[in-house]
Structure formats: C-alpha cells, structure tokens
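Engineer: predicted model, plus sequence, below.
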Amino acid sequence: MLDLILTGLSWTLIAAGSFFYVVGAIGVLRMPDVFARMHAAGISDTVGAGLLIGGMMIEAGLTLVAVKLLIILLVILFTGPVATHALAQAALHSGCIPVLANKKALGIPVEEAATRQPFETVPKRKRKAKSGSDRKGGTPSKPS
Amino acid sequence: MIFAVAAVAILIALTLAIVRALLGPTIFDRALAANAVGTSAILLLSVLGFLTGRPEFLDVGILYALLNIIATLAVLKYFRHGDLGHAGEEEEEAG
C-alpha cells in the first residue's frame, strides 16, 4: 500500500516536472527579449528540474542513487542563478536594452512604431481648475 | 512508463532551446540556449539512467553539471576580453 502511494507520488512529481520544463523551454522560444528569456530558462532550471529530480528521488528510495540525484539538484540550483546573473550583466554591458525599460528616462532615442513600450510613463495632464466647485469630499480625480 | 514521458518532454525542451540558439539575434541568446541545452542533457542522462537500470549515468551528470557552468562563464569571459587570460579586474571606463 505504501509502495503504491510512493509510486503515485513520484509519477505525479515527474509529470509536473516535465510539464514545467516544457513550459520554460517554450518561454525561451517565445519571449520578446533576451532578459525575459533568462527568466523563462530559470523556470526550467528550478521548478522543472526540481520536481523531476524530486520524483526520481522518491522512486529510488533511500539509496546512494538518491544522494547522487540530490547532489545534481544542488549543483543545478546553485549554478543556475550564477549563470543568469553573468549573462544578464554581460548583455547589459554590451548594450542590449530591455524591452520594458523606460527609454525616455534613460535618454535612449526611440524609433517610433518599431519597439514595443508597454510600460512607458505618460506625462500627467494638469487638472483644469473648475470655478465654484467647493464640494466636500473633493472631486473625483481624472484618470491620467 | 513515466520515464519515457519525461525523456520525451526533455527532448522537446532540448529542441526548442536549439531553435533559440539558431534564431537568437544576440550572442547572449545563444549562450543562454547553450546553458539550457546543458541542463537538459544532465536531466536526460538521469532519466536514461532510470530507464536502462544503470545508476552510473548519474556520475556523468554530476560532472557535466559542474562543467556546464564553467563553460558558460568561460564563453562570456571570452566575449568580454577577447581572450581567456584576464582575471576579473574592474573596468576603467564607467560601466
């Protein structure tokens, strides 16, 4: 009975790990920018690999195989962020501009209609002073 | 049976990473894809160890996990300095 439960648990973990691994790889392919792709690769490295190796460790039981799998998982978990940080710093130093960067604040010339800027800040419009409006509670603010 | 599913999923992820390595407009896309291919290889080795019943593949996996990070950092150092002979010194110009 316990055997059945452990096998079911390990199958679930391996299935979930495979799903997240493929999701991370699809993200590496579809993301619009090199920095966003590093985020997607991090999903594969942590959640995908972690669940896969966790499922395999339960399948292996308390043997040397489980210890070796744990060592592989620890190395992947420690070296993944190191590689991501080094890549991101190198990309930033060599001039890659993130898609979500506030290009006006950074002073970078923007090609119209060529780059996506979903979070670019819009200058706030001044509210026109209404004559004779002394309403208590204030007027509702205009959405900028 | 579940290990066959896991192996197929890891192979799909490997293929997608190779497509990104071929497509990527910058070299950092390609370096990232190479790192992802390395991690896929490690996991594929572990799954194959379970499929064939040989736990010796895990030792190869541990070694390659250590080599993968060194390879990524060496490639990035080569891109930055032009050769591999520089220790991590500070840049004189403002970064």
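Structural biologist: Here it is on my side, so go on.
Engineer: when you work out contacts or count neighbours from here on, use the C-alpha atoms and nothing else.
Structural biologist: Noted.
Engineer: all helices for chain A, in order.
Structural biologist: A:2-30, A:34-43, A:49-60, A:64-93, A:103-106 (DSSP state H).
Engineer: show me what from chain B comes close to chain A.
Structural biologist: B:2-3, B:5-6, B:9-10, B:12-14, B:16-17, B:19-20, B:26, B:28-29, B:31-32, B:36, B:39, B:43, B:46, B:55, B:58-59, B:61-62, B:65-66, B:69, B:72-73, B:76, B:80, B:95 (C-alpha under 8 Å from any C-alpha of the partner chain).
Engineer: of those residues, buried ones?
Structural biologist: Neighbour-count burial (16 or more other C-alpha atoms under 10 Å in any protein chain shown) applied to the residues of chain B next to chain A gives B:3, B:6, B:9-10, B:12-14, B:16-17, B:20, B:28-29, B:31-32, B:36, B:39, B:43, B:46, B:55, B:58-59, B:61-62, B:65, B:69, B:72-73, B:76.
Engineer: and residue 42, what does it touch?
Structural biologist: All of this refers to chain A. Taking C-alpha atoms under 8 Å, 6 or more residues apart in numbering or on different chains, we find A:G42 in contact with A:G24, A:G80, A:P81, A:T84.
Engineer: that's the other chain; I wanted chain B
Structural biologist: B:G61, B:I62, B:Y64, B:A65.
Engineer: which elements pack onto the helix or strand where the first one lies?
Structural biologist: In the assignment (DSSP states H and E), B:G61 maps to helix B:57-81. For helix B:57-81, the helices and strands in contact under the criterion 3 or more C-alpha pairs under 8 Å, 6 or more residues apart in numbering or on different chains; DSSP states H and E are helix A:64-93, helix B:27-52.
Engineer: could you list the low-pLDDT ranges of chain A?
Structural biologist: A:109-144 (pLDDT under 70).
Engineer: from chain B, how far out is the residue most central in space within it?
Structural biologist: Most central in chain A under C-alpha atoms, centre = their mean is A:H39, positioned 3.9 Å from the mean C-alpha point. Going from A:H39 to chain B by C-alpha to the nearest C-alpha, to the nearest Å gives 11 Å.
Engineer: returning to that earlier point: among the helices and strands packed on helix B:57-81, which is the most enclosed?
Structural biologist: A comparison of the helices and strands packed on helix B:57-81 by mean neighbour count, using mean count of other C-alpha atoms under 10 Å in any protein chain shown, puts helix B:27-52 on top with a mean of 22.
Engineer: now the angle from that helix to helix A:34-43?
Structural biologist: Orientation check (axes from the mean of the first three to the mean of the last three C-alpha atoms, to 10 degrees): helix B:27-52 against helix A:34-43 gives 10 degrees.
Engineer: just the angle for helix B:27-52 relative to helix A:64-93, thanks.
Structural biologist: 170 degrees.
Engineer: just want the angle from helix B:27-52 to helix A:49-60.
Structural biologist: 10 degrees.
Engineer: need the residues of chain A near chain B, please.
Structural biologist: A:11, A:14-15, A:18-19, A:21-22, A:25-26, A:28-29, A:34, A:37-38, A:41, A:45, A:49, A:65, A:68-69, A:71-72, A:75-76, A:79-80, A:83-84, A:86-87, A:90-91, A:93.
Engineer: let's see that with 6 Å instead.
Structural biologist: With the criterion set to C-alpha under 6 Å from any C-alpha of the partner chain, chain A comes near chain B through A:S18, A:V22, A:A25, A:L29, A:V34, A:I72.
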